[in-house]
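Chemist: have a look at this fold, sequence not included:
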């Protein structure tokens, strides 16, 4: 082999009429100039001998087995190297291992990390409904793969788990995938894994459909047939459009129902910084008057709320698994009644006009909207209403 093509590299520079020896490495070194090629070659050979001696001395303290292992490691790196690719030194490899050894060991099981996720989300103040959803869906995943070390979970396993879920809609599959992403992102942040084992292949296609709403008759039956103490929650959802968790549960005190000005003080919700007042239509005021108190909770919260809501739906003969159907009904009927986008969005706390139109425009007839906000208590119920001024 031509020595001039070996490190350190020898090159003639016509402009200087001199020979240059480039003995630089990534760890240091320098370049030197010589008058003759003979002198340059002598210096270069001396540098090669020095480098070999230093390399050999590094192996003097190794056993034969360790030398073989080191040589095998070098060969593996060479096989995987592309032309021009930098090969790391053993010191760099060791430093990388020391930095990432906790990830590489991956001692945490899926079940242990799920427990940590739930504890973390609880401490972060997440809603009980969200925590229940997290426990349920991640618990199903743990039933199959809970004892596996989380670092060993592959994208293929996650894809198969999500896509092969039996007898569930694509929306449900995507909800499972979304919460699995929460799990693995948490694991990545805690350095239990290097990358998320979730691929784009596990996301199912979901065709857009408008949210379910109640007919006037269904809304009426729910109000008439629900448990007596659940009427305020139903009426506020139907005729004021408050979200259960983000609005109603947060302001769950009769002091925020301002009968004197016919408004609900929603900005009192702890998670809302902006001022928001929701108007109360006359029929809502009449539904709420029998329950009016100076203070105290308006309705049950948490699982108790959804248990009562499901019971009211069943009593009314509604078997559809409609989520947030009270609020969706309010938005559709209110917009049709007033034909005022800004007003309805303000009442509902919406911020995206396109989303609002996609979900709620042209859902009902105007006559239905008039009937919806004319759902009054029966004559028997009206007899229970305390005669007070609401002006």
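Modeler: Looks like it arrived, so ask away. These figures come from a predicted structure and were not determined experimentally.

Chemist: can you map out the strands along the stretch 251-391 of the chain?
Modeler: Listed in chain order, the strands found in the stretch 251-391 of the chain under DSSP state E, counting those that start in this stretch are 257-258, 263-265, 277-279.

Chemist: please tabulate the ones you listed in a markdown table, including the columns mean neighbour count.
Modeler: Backbone N, C-alpha and C define where each C-beta goes, glycine included. A markdown table is the format used below for those (neighbours: other C-beta atoms under 10 Å):
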| stretch | mean neighbour count |
| --- | --- |
| strand 257-258 | 19 |
| strand 263-265 | 20 |
| strand 277-279 | 17 |
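
Chemist: would TSV of those with distance to residue 128 be doable?
Modeler: Compiled in TSV, the strands of the stretch 251-391 of the chain are given as follows (distance: least, C-beta to C-beta, whole Å):
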stretch	distance to residue 128
strand 257-258	23
strand 263-265	23
strand 277-279	24
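
Chemist: closest one to residue 167 among the ones you listed?
Modeler: strand 277-279 (39.7 Å; C-beta to C-beta).

Chemist: from the contact counts, what lies against the lengthiest helix in the chain?
Modeler: The longest helix of the chain (DSSP state H) is helix 37-58. The contact analysis (3 or more C-beta pairs under 8 Å, 6 or more residues apart in numbering; DSSP states H and E) places helix 37-58 against strand 9-13, strand 18-22, strand 31-34.

Chemist: neighbouring contacts of the second one?
Modeler: It refers to strand 18-22. 8-13, 31-37, 39-40, 43-44, 47 (C-beta atoms under 8 Å, 6 or more residues apart in numbering).

Chemist: what do you get for the shortest one?
Modeler: Taking C-beta under 8 Å, 6+ apart as the criterion, the residues outside strand 31-34 that touch it are 16, 18-24, 40, 43.

Chemist: just the buried residues from these, in ChimeraX please.
Modeler: Applying 16 or more other C-beta atoms under 10 Å to the contacts of strand 31-34 leaves a buried subset, and the ChimeraX line that selects it is:
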select :19,20,21,23,40,43
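
Chemist: what about residue 343, distance to residue 76?
Modeler: 69 Å (C-beta to C-beta, to the nearest Å).

Chemist: of the two, who's got more company?
Modeler: residue 343 (14 against 10; other C-beta atoms under 10 Å).

Chemist: what is the neighbour count of the nearest residue to that one once chain neighbours are set aside?
Modeler: Excluding its sequence neighbours, the residue lying closest to residue 343 (C-beta to C-beta, 6 or more residues apart in numbering) is residue 334, at 8.0 Å. By other C-beta under 10 Å, 24 other residues sit near residue 334.

Chemist: please shift the residue numbers so they start at 22 in all later answers.
Modeler: Renumbered: residue one is now 22, and that last one reads residue 355.

Chemist: residue 104: which element?
Modeler: Using DSSP states H and E, residue 104 maps to neither a helix nor a strand.

Chemist: so what's the residue count around it?
Modeler: 4.

Chemist: thinking again about what came up before, can you convert the strands of the stretch 272-412 of the chain into JSON lines and add a column each for mean pLDDT?
Modeler: Formatted as JSON lines, the strands of the stretch 272-412 of the chain follow (pLDDT from 0 to 100):
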{"stretch": "strand 278-279", "mean pLDDT": "94"}
{"stretch": "strand 284-286", "mean pLDDT": "94"}
{"stretch": "strand 298-300", "mean pLDDT": "92"}
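
Chemist: wait, isn't the residue nearest to residue 364 in contact with residue 366?
Modeler: No. Using C-beta atoms under 8 Å, residue 355 is not in contact with residue 366, being 9.9 Å away.

Chemist: what's the burial count for residue 252?
Modeler: 21.

Chemist: now the helix or strand containing it: mean pLDDT?
Modeler: Using DSSP H and E, residue 252 sits in helix 252-260. What helix 252-260 shows for mean pLDDT is 96.

Chemist: what's the answer for stretch 92-100, then?
Modeler: On average, stretch 92-100 scores 78.

Chemist: distance between that stretch and the chain's centre?
Modeler: With C-alpha atoms, centre = their mean, to the nearest Å as the basis, stretch 92-100 stands 41 Å off its chain's centre.

Chemist: which residues in the stretch 172-321 of the chain form helices?
Modeler: 176-184, 191-210, 237-246, 252-260, 303-309 (DSSP state H, counting those that start in this stretch).

Chemist: okay, these in CSV with distance to residue 398 next?
Modeler: Output for those, formatted as CSV (distance: least, C-beta to C-beta, whole Å):
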stretch, distance to residue 398
helix 176-184, 47
helix 191-210, 36
helix 237-246, 8
helix 252-260, 9
helix 303-309, 6
